[in-house]
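**Student:** Just need the structure, nothing else, for what follows:
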Amino acid sequence: MKRMLITGLAIMTAVALHAQDATNQPAHRKSQLTDAQKAELVQHADEMWNQLSPEAKIRLMNLHKALTGMPAEERHFIHERIERFLTMSPEDRERIKKNANRWHAMSPEEREQARENFRQWRKDHPGQEPHSDKPDGSTNVISNLSKPKPNNP
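**Tutor:** Numbering: from 1, shown residues only. Reported below is the predicted structural model:
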């Protein structure tokens, strides 16, 4: 179900981007696809749409409405994030899942402490990404910041 939803969202994103780009492109670039290719794409989209449950269709329609109603800059930001997710390595996806699970298991106080640690890390390391190779095998600085500290005197 998630795969179909992501696929549908990707198709919707591609269509929205194409519609946005088509208005900014010269006329000779608009018809790069042949009629047969367009018909095949339409047929494939119809088949995928027909496989979705009514709930998934409503969710996609709401997402489409929200995307098309956004300012172009915000819409572009969302499209970049979707592309980033779709091209993400399995290791990165697993790391993100583990971080999300750990975050949801934290108490509100622990979450606030992790946020504060992250803000401090950003101040101490301006312009750096919070991911780097660590000697302990961990690849996420943020994860290390939110780990409980041992109580050694």
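
**Student:** C-alpha from now on. contacts and neighbour counts both.
**Tutor:** Will do.

**Student:** all helices for the protein, in order.
**Tutor:** With DSSP state H as the criterion, the chain has helices at 2-24, 27-30, 35-51, 54-69, 72-86, 90-105, 108-124, 141-146.

**Student:** ranking those by burial, who's on top?
**Tutor:** Most buried of these, by mean neighbour count (mean count of other CA atoms under 10 Å): helix 141-146, with a mean of 17.

**Student:** Of the helices of the chain, which is nearest residue 130?
**Tutor:** Residue 130 sits nearest to helix 141-146 of all the helices of the chain, at 5.4 Å, using CA to CA.

**Student:** Reformat the helices of the chain as CSV; add distance to residue 130 and mean pLDDT.
**Tutor:** Shown next, in CSV, are the helices of the chain (distance: least, CA to CA, whole Å; pLDDT from 0 to 100):
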stretch, distance to residue 130, mean pLDDT
helix 2-24, 27, 57
helix 27-30, 40, 48
helix 35-51, 38, 93
helix 54-69, 29, 93
helix 72-86, 17, 91
helix 90-105, 13, 93
helix 108-124, 8, 93
helix 141-146, 5, 46
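
**Student:** separation between residue 115 and residue 81?
**Tutor:** Distance, residue 115 to residue 81, using CA to CA, to the nearest Å: 22 Å.

**Student:** Which phi and psi values does residue 106 adopt?
**Tutor:** Dihedral angles of residue 106 (phi, psi; degrees, to the nearest 10) stand at phi -80, psi 150.

**Student:** Can you report how many residues neighbour it?
**Tutor:** 14 (other CA atoms under 10 Å).
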